[in-house]
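S.K.: I need the structure of the sequence given here:
(one chain, ligands or ions: 1)
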Amino acid sequence: MSSESNVALHQRPSSFEIDEAFIDRSRVVGDVIQTRQTVRPKRLARPAPDATQLHNILTAAGAAPDHGQLLPWRFVIVPESQRAELADTFVQSLIERDHSATNEHVTRAREKAYRSPLLILVVVDVQRGDSEIDFFERTLSAGCAVQNMLLMATALGFGSALTSGKALKAEALRELFGLQDGEHALCFINIGTVTSPTVRRRRPSLIDYVSVLGKAVDTTETLLSKLTTRNEIP
Ligand SMILES: Cc1cc2nc3c(=O)[nH]c(=O)nc-3n(C[C@H](O)[C@H](O)[C@H](O)COP(=O)(O)O)c2cc1C
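M.R.: Residues are numbered from 1 along each chain as shown. Reported below is the predicted structural model:
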């Protein structure tokens, strides 16, 4: 895309007339957003994203909103060669918190380290830089970066999932990933090729998570009619 057309896509037509480019773009973005869904790591196989695709996924993170440009998050890729170390860490963390863990539990903890072909740890830093930018803002920024990555992975045709768990807080994991004071492991991003289809999750209705200040709205239809009344448009 030329820089000229790039500029055009970022400027809304002054007349507010509907521009085909905006409609097309919103359809593509909407489609990617709505088709992203969690695909369990055990259903993610090789091939993993290649170098160019991985570059696109990681670059997408850098476009996240970041108050004060603190860059309060980072990502650590766990290559194949380090999966055994990660597996040991998962097992160590399991045994530390559950002395009665069975062999089956240990095997399952170990397996988790090998599941998806691209595995990335998300780390947030809640201390670095301006203390006015609190934990919540930093974590939200990390969430935006993660979602950018998931959407880019979806657009490239890959499945993805976030995984968390108690091991993220374990000292052994902090050590393995070299987490500094103020840094916390938020979750893992799993990306790979989908081996079997996943049932689509029912999405919530707008009324379940949107309200309008000063207006009583009890259905999605009322909500939308309030917002589309001409004098309600901000
Ligand atoms: C920070 C975070 C951690 C998550 N960790 C797990 C997890 O450990 N296991 C899991 O099955 N899903 C995990 N999820 C995924 C959610 O369960 C999933 O997003 C939710 O079920 C909605 O489904 P969808 O992603 O298909 O829309 C996590 C999601 C977030 C945001």
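
S.K.: who does the longest strand anywhere in the chain pair up with?
M.R.: Longest strand of the chain, by residue count under DSSP state E: strand 183-194. Strand 183-194 pairs in its sheet with strand 44-45 (antiparallel), strand 118-125 (antiparallel), strand 159-163 (antiparallel), by DSSP bridges.

S.K.: tell me which helix or strand comes right after it.
M.R.: helix 206-209 (DSSP states H and E).

S.K.: okay, now the unreliable bits of the protein?
M.R.: Flagging of the chain using pLDDT under 70 yields the residue ranges 1-18, 226-227, 229-234.

S.K.: against which helices or strands is the biggest helix by length in it packed?
M.R.: Secondary structure of the chain per DSSP state H: the longest helix is helix 135-155. In terms of contacts (3 or more C-beta pairs under 8 Å, 6 or more residues apart in numbering; DSSP states H and E), helix 135-155 is packed against helix 20-35, helix 51-61, strand 73-77, strand 118-125, strand 159-163, strand 183-194. Heads up, the C-betas are built off the backbone N, CA and C, glycines and all.

S.K.: residues in contact with residue 181?
M.R.: residue 127 (C-beta atoms under 8 Å, 6 or more residues apart in numbering).

S.K.: hmm, try it at 6 Å
M.R.: Contacts for residue 181 (C-beta atoms under 6 Å, 6 or more residues apart in numbering) come out as none.

S.K.: the ligand contacts on the chain?
M.R.: Along the chain, the residues adjacent to the ligand under the rule C-beta under 6 Å from any ligand atom are 37-38, 162-165, 187, 201.

S.K.: could you rerun that using 8 Å?
M.R.: By C-beta under 8 Å from any ligand atom, the part of the chain that sits against the ligand consists of 36-40, 143, 146, 161-165, 186-187, 198, 200-201, 203.

S.K.: in PDB, list the C-alpha atoms belonging to the longest helix of the chain.
M.R.: Extracted as PDB, the C-alpha positions of helix 135-155 are listed here (Å, rounded to 0.1, in the frame of the first residue of the first chain):
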ATOM      1  CA  PHE A 135      -1.100  -1.500  37.700                       C
ATOM      2  CA  PHE A 136      -4.500  -1.400  35.900                       C
ATOM      3  CA  GLU A 137      -3.400   0.800  33.100                       C
ATOM      4  CA  ARG A 138      -0.300  -1.300  32.500                       C
ATOM      5  CA  THR A 139      -2.200  -4.600  32.600                       C
ATOM      6  CA  LEU A 140      -4.800  -3.200  30.200                       C
ATOM      7  CA  SER A 141      -2.100  -2.100  27.800                       C
ATOM      8  CA  ALA A 142      -0.700  -5.600  28.000                       C
ATOM      9  CA  GLY A 143      -4.100  -7.000  27.300                       C
ATOM     10  CA  CYS A 144      -4.400  -4.700  24.200                       C
ATOM     11  CA  ALA A 145      -1.000  -5.900  23.000                       C
ATOM     12  CA  VAL A 146      -2.000  -9.500  23.500                       C
ATOM     13  CA  GLN A 147      -5.300  -9.100  21.600                       C
ATOM     14  CA  ASN A 148      -3.500  -7.400  18.700                       C
ATOM     15  CA  MET A 149      -1.300 -10.500  18.500                       C
ATOM     16  CA  LEU A 150      -4.300 -12.900  18.700                       C
ATOM     17  CA  LEU A 151      -6.100 -11.000  16.000                       C
ATOM     18  CA  MET A 152      -3.000 -11.000  13.700                       C
ATOM     19  CA  ALA A 153      -2.600 -14.700  14.300                       C
ATOM     20  CA  THR A 154      -6.300 -15.200  13.400                       C
ATOM     21  CA  ALA A 155      -5.900 -13.000  10.300                       C
END
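
S.K.: having no further points to raise, I will conclude here.
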